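Q: predicted model and sequence below, questions to follow.
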Amino acid sequence: QVQLQESGPGLVKPSQTLSLTCTVSGGSITTNYYYWSWIRQPPGKGLEWMGAIAYSGSTTYSPSLKGRCSISRDTSKNQFTLQLVSVTPEDTAVYYCARGPRYGSSLKDEYDYWGQGTQVTVSS
């Protein structure tokens, strides 16, 4: 059973960098052919796919984030990390990490494992 757990600060100030880590257990983030995504849900809105890192280590991002997003990984710790720079209050959301056989979807059923989610609030 694969388990994902998000961790990071719950409050970030505007213009700062949001950094979250997803720790994976029960499976390796290098296993063919899975993609490890970050997805968020702002209050009152639907899921928004942000980006993903593949089993190979390659990354892909949503154009809507305009280059503010980066994802990296530490295979020795079986973790992958999201960094979102220059945050604004519009980045307030519940942030999820998830695993799926593809990337880019904002549909919950496209992913087979999810973290429980972590609330991040952007406020001064």
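A: Yes, it's here.
Q: secondary structure element holding the one residue sitting closest to the centre of the chain?
A: Ranked by distance to the mean C-alpha position of the chain (C-alpha atoms, centre = their mean), the top residue is Trp38 at 2.0 Å. Using DSSP states H and E, Trp38 falls within strand 35-41.
Q: now Lys77, nearest residue through space, not along the chain?
A: The shortest distance from Lys77 to any non-neighbouring residue, by C-beta to C-beta, 6 or more residues apart in numbering, is to Thr23 (7.3 Å). Any C-beta I mention is one placed from the backbone N, CA and C, and that applies to glycine too.
Q: residues in contact with the closest residue to Asp91 other than its chain neighbours?
A: Nearest in space to Asp91, with sequence neighbours left out and distances taken as C-beta to C-beta, 6+ apart, is Val122 at 5.0 Å. Shown in contact with Val122 (C-beta atoms under 8 Å, 6 or more residues apart in numbering): Leu11, Val12, Lys13, Pro14, Leu18, Val87, Thr88, Pro89, Glu90, Asp91, Thr92.
Q: again, only using 10 Å
A: The contact partners of Val122, taken as C-beta atoms under 10 Å, 6 or more residues apart in numbering, are 11-16, 18, 84, 87-93.
Q: who wins on neighbours among these?
A: Leu84 (24 neighbours; other C-beta atoms under 10 Å).
Q: which residues does it bridge with?
A: Leu18, Cys69 (DSSP bridges).
Q: what do you get for Ser25?
A: Gln3.
Q: could you count how many residues lie near it?
A: 11.
Q: isn't it right up against Gly115?
A: No - here Ser25 lies out of contact with Gly115, judged by C-beta atoms under 10 Å, at a distance of 11.0 Å.
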